[in-house]
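Trainee: got a predicted structure here, sequence first:
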Amino acid sequence: MSEFSSQWLAMREPADHRSTNPALREQLNAVLTVSRTNATHPLRIIDLGSGTGSNLRGLAPHLDGDQHWTLIDYDPKLLEAARLALKAWADTTESNTDTALHLKKAGKRIQVDFLCTDLSKNIETILEQPADLLTAAAFFDLVAEPWLERFCSALCTPFYTVLTYDGTEQWMPKHPADEEALRAFHAHQATDKGFGLAAGPRAVDIMQRRLLDYGFQVSIAPSPWELDQTHDAKLIHALATGSAQAVGETGLLDAATLASWKTARQEAQACTIGHWDLLATFGS
Ligand SMILES: C[S@@+](CC[C@H](N)C(=O)[O-])C[C@H]1O[C@@H](n2cnc3c(N)ncnc32)[C@H](O)[C@@H]1O
């Protein structure tokens with residue numbers, strides 16, 4: 001099981017929220033407005049690999065009306081952290097039971113259910129659940145190509161996923177080991193993250209092609225992290241530390257080069273990390 005700490009997810013949340021592509025999110029809103037013209041129930045949204053609920057906090061304010069979210073993750077500690085973070089984020093908590101949290105935020109009622117399950121095993125069952133939107137953030141680069149095939153073939157709901165890593169990175173200042181280290185990082189990205197060998201930076205391209213094959217209309221838009229020392233020093237340091245650990249695990253860089261590269265990256269003035277957002281809707 002690949003573990004993500006709630007501290008890391010909290011640190012990246014502001015960068016994630018400001019990087020998500022606003023034009024694609026508007027396109028999503030337009031699609032939902034049309035599809036829900038006569039709807040009487042709250043907007044039902046399933047969030048895959050929800051972690052501590054960052055995607056809900058980023059997206060819910062941009063969606064119209066009352067909402068019913070189901071947060072799915074296989075890490076019970078992250079789901080518990082999500083409950084606490086969402087209570088802190090909401091204007092008021094109307095009720096908080098074992099199964100659901102009822103919140104109010106900016107005049108909207110938001111029900112949040114929590115489901116602890118392993119998505120590598122039962123994605124088809126999840127995709128059978130009634131929903132108006134399936135979403136995810138920073139999740140799809142973890143999955144494997146055969147799993148993506150299962151996912152795309154079973155998908156029958158509008159789908160919006162943000163912040164999938166595309167493998168491009170520019171760091172300032174440059175370091176002589178940048179290219180070698182990025183190659184090693186990509187090799188680590190392609191290892192098994194619980195779904196089989198991970199698609200990593202190829203995930204958006206694979207999803208796009210398979211969803212088009214299944215008759216979806218697909219739009220993609222860039223959502224790069226643009227980080228600098230003034231605003232994101234802690235995130236840059238943590239990102240560099242995590243990347244160096246991953247590169248170290250591949251054994252592809254010698255220890256001295258890795259140490260020098262790690263220090264340079266931790267102190268980098270700025271970096272751009274490529275991500276893409278993707279929206280898939282039924283064709284017409
Ligand atoms: C990079 S984190 C992103 C979390 C969250 N979406 C966000 O944007 O902060 C990936 C998430 O996927 C979850 N995850 C990874 N493999 C999973 C699996 N097999 N089943 C369910 N959740 C999984 C992790 O526990 C983690 O919360």
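Mentor: Received, thanks.
Trainee: only C-alpha atoms for contact and neighbour calcs from this point on.
Mentor: Will do.
Trainee: strands along the protein, start to end?
Mentor: According to DSSP state E, the chain carries its strands in the segments 43-48, 67-73, 92-96, 100-105, 108-116, 133-137, 159-172, 216-222, 225-228, 270-282.
Trainee: now render the ones you listed as CSV, adding distance to residue 195.
Mentor: CSV is the format used below for the strands of the chain (distance: least, CA to CA, whole Å):
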stretch, distance to residue 195
strand 43-48, 14
strand 67-73, 14
strand 92-96, 33
strand 100-105, 28
strand 108-116, 16
strand 133-137, 16
strand 159-172, 16
strand 216-222, 24
strand 225-228, 26
strand 270-282, 20
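Trainee: switch these over to JSON lines; also include mean neighbour count, mean pLDDT and distance to the ligand.
Mentor: Shown next, in JSON lines, are those (neighbours: other CA atoms under 10 Å; pLDDT from 0 to 100; distance: least, CA to the nearest ligand atom, whole Å):
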{"stretch": "strand 43-48", "mean neighbour count": "22", "mean pLDDT": "98", "distance to the ligand": "7"}
{"stretch": "strand 67-73", "mean neighbour count": "23", "mean pLDDT": "98", "distance to the ligand": "4"}
{"stretch": "strand 92-96", "mean neighbour count": "14", "mean pLDDT": "93", "distance to the ligand": "21"}
{"stretch": "strand 100-105", "mean neighbour count": "18", "mean pLDDT": "97", "distance to the ligand": "18"}
{"stretch": "strand 108-116", "mean neighbour count": "20", "mean pLDDT": "97", "distance to the ligand": "7"}
{"stretch": "strand 133-137", "mean neighbour count": "22", "mean pLDDT": "98", "distance to the ligand": "4"}
{"stretch": "strand 159-172", "mean neighbour count": "20", "mean pLDDT": "97", "distance to the ligand": "8"}
{"stretch": "strand 216-222", "mean neighbour count": "18", "mean pLDDT": "98", "distance to the ligand": "16"}
{"stretch": "strand 225-228", "mean neighbour count": "18", "mean pLDDT": "98", "distance to the ligand": "13"}
{"stretch": "strand 270-282", "mean neighbour count": "21", "mean pLDDT": "97", "distance to the ligand": "12"}
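Trainee: how about the ones you listed, which one is nearest residue 147?
Mentor: Minimum separation from residue 147 across those (CA to CA) falls at strand 43-48, 13.6 Å.
Trainee: please identify the pairing partners of that closest one and their relative orientation?
Mentor: Strand 43-48 pairs in its sheet with strand 67-73 (parallel), strand 133-137 (parallel), by DSSP bridges.
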